[in-house]
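[1] what follows is a predicted protein model with its sequence.
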Amino acid sequence: MKAVLGPTNTGKTHLAIERLCAHSSGAIGFPLRLLAREVYDRVCKIKGEKSVALITGEERIEPKEARYLLCTVEAMPVTERSLAFVAIDEAQLGADRERGHVFTDRLLHARGREETMILGSATLEPMVKALVPDVEVVTRPRFSTLSHAGAKKLSRIPPRSAIVAFSAEQVYAIAEMLRRFRGGAAVVMGALSPQTRNAQVALYQSGEVDYLVATDAIGMGLNLDVEHVAFAGLSKFDGQRHRRLTTSEMAQIAGRAGRHQKDGTFGTLTGSGGHDSEFEPDEVYAIEEHRFPPLTKLFWRDPEPRFDSVATLISDLETPPDRDGLVLGPEAIDLAVLKRLADDGTVMDSLRGHAMVRRFWEVCRLPDFRQQGVETHSRFVARLWQDLRHGELGADYMAQQIARLDLTGGDIDTLQGRIAAIRSWAYIAQRPDWVLAREEMAARARAVEARLSDALHGKLTERFINRRTAVLMKKLGPDAGLLSVRLEDAEVLVEGEHIGSLHGFAFQVDPAARLSDRKLLLAAAERHLPGLLQSRAEALTAAVHEGAAPLTLENGTLSWDGGKIAALSPGRSLLAPVLVPDRVLDAIPAPARKALVAALEAWLVTALEPLAPLAKLDEASRAEDAGPDLRALLITLVERGGMIARDGSGVDRIDKARRTMLAKLGVRVGALDLFLPAMLRPGPIALWRQLAKIAGKEAPRGEGGSEPDAAMPPTMDATKRHKAPGYRNLGKQLLRLDMAEKLLREAHEARSAASGHKGPSRSFSLDPARAVSMGLTTASYARLLRFGGFQAMMPRPLPDGAHGAPAPVRWRWRPPQREREAEVARPAPRQSDGAFAALGELLGR
């Protein structure tokens, strides 16, 4: 017999596992199913799965050849002496009000054939010596020191800390706050299933989050890499009253800080409220020095009561012990349920004989996993007994009860309730004589619990963990340069977490981020984006030099990859704007930014090459030999996009030499307009309009302010576009200037051919085929000819009774009087409308 006693972090459990594996067989009883499962996995790696069994109330894995048993204390064998080694963990729980009598019984009766080991706190030493006279007591010191760190605000709690609260509401509130400014926390509560608890602990242990928020369930069985434990309060409700924690309970929780050789600290959380939220000096001393009042009593209950009747059973269970150091334990919930149902006549009528009373007592001992109290639990036990009194539960009934709980929807509390309920049915399914098809039903219950646990873990993670904030908070320190920053489809990922989008060189915070997260995300972008921006700038610079950069210039804004990178502002002339880099380029490191701006300026020069004909006019307007009239005309042409009406242009005042200069510059002097043929294209016109807008010059726009069409057809519908550069308005149609000049030139050639001289007296006919091929209507064609000085001579109608083709329309030309530009779109006089109609009829024939 050996008692290994000491505070937390002394390696007691590790020693017990070593001793277990050193024997041919053995068993260890743990206070929690979670601990039993953890050690089971460790021993399986040493001895193999066929040699190791897991025995708990809700789960049993028992290979036929199993020689090493890992059990909960309630499920461990007691009377059997065939095992070479037996150990009891956390034996000081013999002083627990609810389960203390079970631990005391194992302390008194569980023995190994060759070695028995009792593990627990040093406070247990006097009771062990009194109850087990031949025991060898071994005291083990703590591997690391534990020191008091005082009170801290939640925002000042260091990473790798556990915050302990004593209600689910307080746990949720603290976890929510940590999510906002620290990225979240793992959550551990006694109500969680072991699987969910393990999954939450794994989040903390892996470093995905740096904080753990827990109830006092953390005080036992969880070996974590915690450096600091902060108490959100120092009192709790123990099922009967609200009381302050004992120093032993404080030490059990605080002892989670500092594992192995690493020291730990403990303290309190300021702002949590309550008058008892600070440690007293004597409590700090006791925790740091591991000095606690020794236990003077352990709770006991008769482990082998008589089953002659329910009254006899209750009497034995309430009989006080006759041994010093043992006291009758408080009424546990199984005894409370038994006494409550003893007053139920229907139940009592079914209890006939020793075997029925024993079976009834086993049903009453069903744990209250749902923690709903004696009254509710008694009703559940009563319903269960009504089925078990007649034999085993049918497979269909069990399957139905389990299927009712196989729902993964709902909030955290709902899922916790379902897990508690399925644990009850898992316990029922494990009993050897309660359920038909026991193994199948037990497997179903475990599968449902696993699915519910996964769903609960997902809900906890979704509510209390912001993975993005957690990653950024950990990495915004000195090691930020080690971060993995990459761009995927304009989405910026830091360590795989999405923080925003990058269009061009402009970073935008994820719009789905909470308002409280925006400042953090902007700080992360400021720290991590320069390297990415430099790479993008260098790539864009290279693409510009290669002529493959997908840059766009619209409304004076230079854009790339959907983001603005520069703008044009007025320069020394309309055709020489200044490139102004956008502020988003300021985040690019200086050398890369300078190279990029130079490349963009070179690109702009190339982009404005379609305006080279206008640039030649602009340059010629500064020549000394241009003269005032030609200079004024050239300036007007530049400002009007290389096209103006001949009327009022002053071209007729220019002498022959300067007209020759004008022709050499590419300006075509037409009958109605002066224009640069190279500017009658969509690209040059769009560029000129942008520059005119930047310089504050008026540029004609289509109806509704729309931009020019992608193509410039010979004719357009004037009802849709009242004004368009490069076109002459002919009433209901617009005709491109060069096409108008071509038709008028053709008319003059027909006139010259008919008359043989330039006199205006002779009439002549015109072929409208070219006008029709351009899509010009007869009325529009006639209006164009009228603007050019051509007048229609209507033929005489045929006499009555005469038949045959009418005479063709004849034309004559007289030099037109220059009309104001405003009269171009004015409707013709009413008497001309009839002439146009008649002309249309004749031309149509």
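    Arrived safely. Numbering: from 1, shown residues only.

[2] quick one: low-confidence parts of the stretch 501-650 of the chain?
    For the stretch 501-650 of the chain, the stretches with pLDDT under 70 are 509-528.

[3] that one: helices as residue ranges?
    Under the criterion DSSP state H, counting those that start in this stretch, the stretch 501-650 of the chain contains helices at 515-545, 590-607, 612-620, 627-639.

[4] want to throw these into JSON lines with mean neighbour count?
    Glycine gets a C-beta too; all of them are placed from N, C-alpha and C. What follows is the helices of the stretch 501-650 of the chain, written out as JSON lines (neighbours: other CB atoms under 10 Å):
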{"stretch": "helix 515-545", "mean neighbour count": "17"}
{"stretch": "helix 590-607", "mean neighbour count": "16"}
{"stretch": "helix 612-620", "mean neighbour count": "19"}
{"stretch": "helix 627-639", "mean neighbour count": "19"}
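
[5] quick one, which of those gets closest to residue 308.
    helix 515-545 (67.1 Å; CB to CB).

[6] which stretches of the stretch 701-845 of the chain have low pLDDT?
    701-710, 720-723, 756-761, 816-845.

[7] please, where are all the strands along it?
    Counting by DSSP state E, counting those that start in this stretch, the stretch 701-845 of the chain has strands at residues 715-717, 727-729, 733-736, 790-793, 810-813.

[8] for those strands, give me TSV that also has distance to residue 6 and mean neighbour count.
    Below are the strands of the stretch 701-845 of the chain laid out as TSV (distance: least, CB to CB, whole Å; neighbours: other CB atoms under 10 Å):
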stretch	distance to residue 6	mean neighbour count
strand 715-717	96	16
strand 727-729	98	23
strand 733-736	99	24
strand 790-793	118	18
strand 810-813	122	19
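
[9] reformat these as CSV; add distance to residue 428.
    Below are the strands of the stretch 701-845 of the chain laid out as CSV (distance: least, CB to CB, whole Å):
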stretch, distance to residue 428
strand 715-717, 85
strand 727-729, 90
strand 733-736, 89
strand 790-793, 108
strand 810-813, 111
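
[10] of all these, which one is nearest residue 214?
    Between the strands of the stretch 701-845 of the chain, strand 715-717 lies closest to residue 214; by CB to CB that is 76.0 Å.

[11] what lies in contact with the closest one?
    The list of residues contacting strand 715-717 from outside it, by CB atoms under 8 Å, 6 or more residues apart in numbering, reads 709, 724, 727, 732-736, 739, 774-776, 780.

[12] if we go to 10 Å?
    702, 709, 724, 727, 730, 732-736, 739-740, 771, 774-777, 780 (CB atoms under 10 Å, 6 or more residues apart in numbering).

[13] only whichever of those residues are buried, select them in ChimeraX.
    A single ChimeraX command selects the buried members of those (16 or more other CB atoms under 10 Å):
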select :702,724,727,730,733,734,735,736,739,740,771,774,776,777,780
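
[14] filter the contacts of strand 715-717 down to just the ones in helices.
    739-740, 771, 780 (DSSP state H).

[15] ok, residue 626 - contacts?
    So residue 626 contacts 620, 632-635, 658, 661-662 (CB under 10 Å, 6+ apart).

[16] how close does residue 737 get to residue 716?
    12 Å (CB to CB, to the nearest Å).

[17] okay, and the common contacts of the two?
    Contacts common to residue 737 and residue 716, judged by CB under 10 Å, 6+ apart, are residue 727.

[18] which single one of the contacts of residue 626 is nearest to residue 92?
    residue 635 (101.5 Å).

[19] just to check, that closest one is in contact with residue 617?
    Yes: using CB atoms under 10 Å, residue 635 is in contact with residue 617, at 8.4 Å.
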